[in-house]
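A.B. asks: Please find the sequence and the predicted model below.
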Amino acid sequence: HHRVPPAAAGHGQGLVQFVLAAHEGQRNTRLFWAACRAYEDGIGPALVDPLADAARATGLSEREARATIASAARMTGHRP
């Protein structure tokens, strides 16, 4: 697991909570949005595992979660 940099910890935790609050029908959308924000804010790599864990807690498979996060990384010009 990667650690969230202290300066970004509050924002990172907010993004994880945003994903955890997702209901069926919005899980991928919320995860994608949160991952995009994380990559745009420079904390994407540190949040990959926490976001994937949160997505799995909402019912997404590991594969779905990782694919959505990788897509967000590509969309924001980062390497997954």
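C.D. replies: Looks like it arrived, so ask away.
A.B. asks: so where is the chain shaky, pLDDT-wise?
C.D. replies: For the chain, the stretches flagged by pLDDT under 70 are 1-9.
A.B. asks: Repeat the analysis, applying 90 as the threshold.
C.D. replies: Scanning the chain with the threshold set as pLDDT under 90 gives 1-12, 78-80.
A.B. asks: Quick one: the helices in it, in order.
C.D. replies: 9-20, 27-40, 44-58, 62-75 (DSSP state H).
A.B. asks: residues of the shortest one that come out buried?
C.D. replies: Read it as helix 9-20. Under the neighbour-count criterion of 16 or more other Cβ atoms under 10 Å, helix 9-20 has 11-12, 15-16, 18-19 buried. Where you see a C-beta, it was placed from the backbone N, CA and C, and this is true even at glycine.
A.B. asks: cool, and the third one?
C.D. replies: Within helix 44-58, the residues that qualify as buried are 44, 46-52, 54-56, 58, counting by 16+ other Cβ under 10 Å.
A.B. asks: And the last one, by the same measure?
C.D. replies: Residues of helix 62-75 classed as buried: 64-66, 68-69, 71-73 (neighbour count, 16+ other Cβ under 10 Å).
A.B. asks: Out of those residues, flag the one nearest to Gln26.
C.D. replies: Of all the buried residues of helix 62-75, Gln26 sits closest to Thr68, with 12.2 Å by Cβ to Cβ.
A.B. asks: Against Val16, how distant is the closest residue to Thr76 other than its chain neighbours?
C.D. replies: In space, and not counting its chain neighbours, Thr76 is closest to Tyr39: 4.1 Å by Cβ to Cβ, 6 or more residues apart in numbering. Tyr39 is 14 Å from Val16, where distance means Cβ to Cβ, to the nearest Å.
A.B. asks: Repeat that for Thr76.
C.D. replies: 18 Å.
A.B. asks: coming back round to it: export the buried residues of helix 44-58 to TSV and append columns for distance to Asn28.
C.D. replies: What follows is those, written out as TSV (distance: Cβ to Cβ, whole Å):
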residue	distance to Asn28
Gly44	17
Ala46	21
Leu47	16
Val48	16
Asp49	18
Pro50	17
Leu51	12
Ala52	13
Ala54	13
Ala55	8
Arg56	13
Thr58	10
